[in-house]
Every structure is written in structure tokens, then in C-alpha cells.
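Undergrad: model this:
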Amino acid sequence: MSQNSWQHTQNSDYIKLIRNRMENVDLTWVKQFLNIINNEVDTKNLSISIKDIGCQSFQFYKQIKINKLPYEYYGYELDESYIKIGLEYFPELSKNIYLGDFTKYDDVKQTDISLCSATIEHVDNWNIFLEKMLSSSNKMVIIRTFLGENTERKSVRATDAKADYAIWQFGFTDFLNAIDKLGWKPEVKRDSFTDSLPIYISSGVDVTGFVRTQYIIVAKKH
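TA: Here you go, the predicted structure:
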């Protein structure tokens, strides 16, 4: 996106939604990601570092703290307004959060695990994003995004928003091959929240919409 903002593509209700999630909702994808880490990474007697790309207001960290998990957490977020909300709840993260376009960072924090939920499909240069994420990870990468038969991109505008936002669908072959060529072995899992059923995405003001299907990709180094 051309601006360091995501909120300009949303409306005021989105901020309310974020606050409600922080105070009242334990997100399903967070639980699924934590289960994957616990099942597939040897975390016993090890200090595990995690970076959350597109961390918004640190929902993933919220579950780390609730469950008293010994994980070192770092977040990358494009929009400062979401970081400010998150720091109201978790001020201890003030030195662990990076603000800006992830694709523009020259020196990305090296961590054992990298996470990305519902973010890469909105990135213009998703190949650069993917390469930076994988190259700065030591053990595993978990991505939650839209996969389908073909790689295609469409735009929508939320009701009362000031700008459109784009949503990629990545072709299974295109996306998994891109991961494989970077030296990682990808595995596709069903997304627990949507059950990987097709989602109709509408602009809210335009009756024209399109369908996307969400999956979890777990990648480990070859």
C-alpha cells in the first residue's frame, strides 16, 4: 500500500472491533497457531523467539501472556493507530514493536518462528514480503491467507472507508512453489475459524463481490 496506514481503508467501526477483540475475544487462529507451535517445535527447555508480521494490537501476544508461555515476542505493523491501542494493554512491548512497511526493512529481526495472519494477501510486493519473512526465520513460518486455483487480485471498499484495499488469492502451485524455491517445505492445513470454506467478500457499498478461501501454510526449512 502507498501509505503507512491500513485504517484509511476501513471505517470507525473497525477500531471498535479491534478493542472488542482485545477485551472480549480469544481469536481462533491464535489458538490454532499456538497448537501448531506446541505440536511441531521442541519448546522444552528452549527459549523460542517469535515475530508476528501484521501484529495489529498484539492478539497473539495476549494469548502468550494469558497462557504464561516462555516465548520472546516481536511485532511488525504498518498502522501506528493499532500499535497505540495494543500498547494500552501491553506497555511492556514498547521496545519490541516495529512500525512501517515490512517489505522496506533492510534488517529484519531474526527469530525462530515467524507468523502472518490475514496480511500477506494485502501486500503489493508479496514475493518480497515472503522472502524477508522466510530468510529471517530459523525454524518455522506459519501463514494464514487465501489460496485457490489461480493467483489473482481484486479490490474492495469497506462501507464509509476513504480508499479501496486489494486482496490477493494465491494459486496453490504459485505460492507453495515460491516457498519451496526459498528452501522451505510447505504444508497446507485447514483453517479452524473458517473451516477453509469459501468466503464471499463484498465491498459493502457495491453489490459486486468475489470469493476467497482461507488456509494455513506451515513451512519448515528443508
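Undergrad: immediately after the lowest-mean-pLDDT helix or strand in the chain, which helix or strand?
TA: When each helix and strand of the chain is scored by mean pLDDT, DSSP states H and E, strand 199-202 comes last, with a mean of 84. Of the helices and strands lying after strand 199-202 in sequence (DSSP states H and E), the nearest is strand 209-212.
Undergrad: tell me which residues in that next one are buried?
TA: Buried residues in strand 209-212, defined by neighbour count with 16 or more other Cβ atoms under 10 Å: 210, 212. Yep, even glycine has a C-beta here, placed from its N, CA and C like the rest.
Undergrad: sheet partners, orientation included, of it?
TA: strand 199-202 (antiparallel) (DSSP bridges).
Undergrad: put the alpha carbons of the strand it pairs with into PDB.
TA: Output in PDB follows, covering the C-alpha atoms of strand 199-202 (Å, rounded to 0.1, in the frame of the first residue of the first chain):
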ATOM      1  CA  ILE A 199     -16.000 -16.700   1.900                       C
ATOM      2  CA  TYR A 200     -17.900 -14.200  -0.100                       C
ATOM      3  CA  ILE A 201     -16.200 -10.800   0.200                       C
ATOM      4  CA  SER A 202     -18.300  -7.800  -0.600                       C
END
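Undergrad: how far away from the center of its chain is that strand?
TA: 19 Å (Cα atoms, centre = their mean, to the nearest Å).
Undergrad: show me what that strand is in contact with.
TA: 156, 167, 208-214 (Cβ atoms under 8 Å, 6 or more residues apart in numbering).
Undergrad: again, only using 7 Å
TA: For strand 199-202, the surrounding residues in contact (Cβ atoms under 7 Å, 6 or more residues apart in numbering) are 156, 167, 209-214.
Undergrad: stretch 6-20 now?
TA: So stretch 6-20 is contacted by 56-57, 78-79, 81-82, 85, 158-165 (Cβ under 7 Å, 6+ apart).
Undergrad: buried subset of the residues you listed?
TA: 56-57, 78-79, 81-82, 85, 158, 161, 165.
Undergrad: for those, which one is nearest Leu130?
TA: Leu78 (16.3 Å; Cβ to Cβ).
Undergrad: that closest one touches Asp101, doesn't it?
TA: Yes: under the criterion of Cβ atoms under 7 Å, Leu78 makes contact with Asp101 at 6.1 Å.
Undergrad: got the phi and psi for the residue lying closest to Arg144 once chain neighbours are set aside?
TA: Nearest residue to Arg144, sequence neighbours excluded (Cβ to Cβ, 6 or more residues apart in numbering): Ser117, at 4.1 Å. Note on Ser117: its backbone torsions stand at phi -120, psi 120 [degrees, to the nearest 10].
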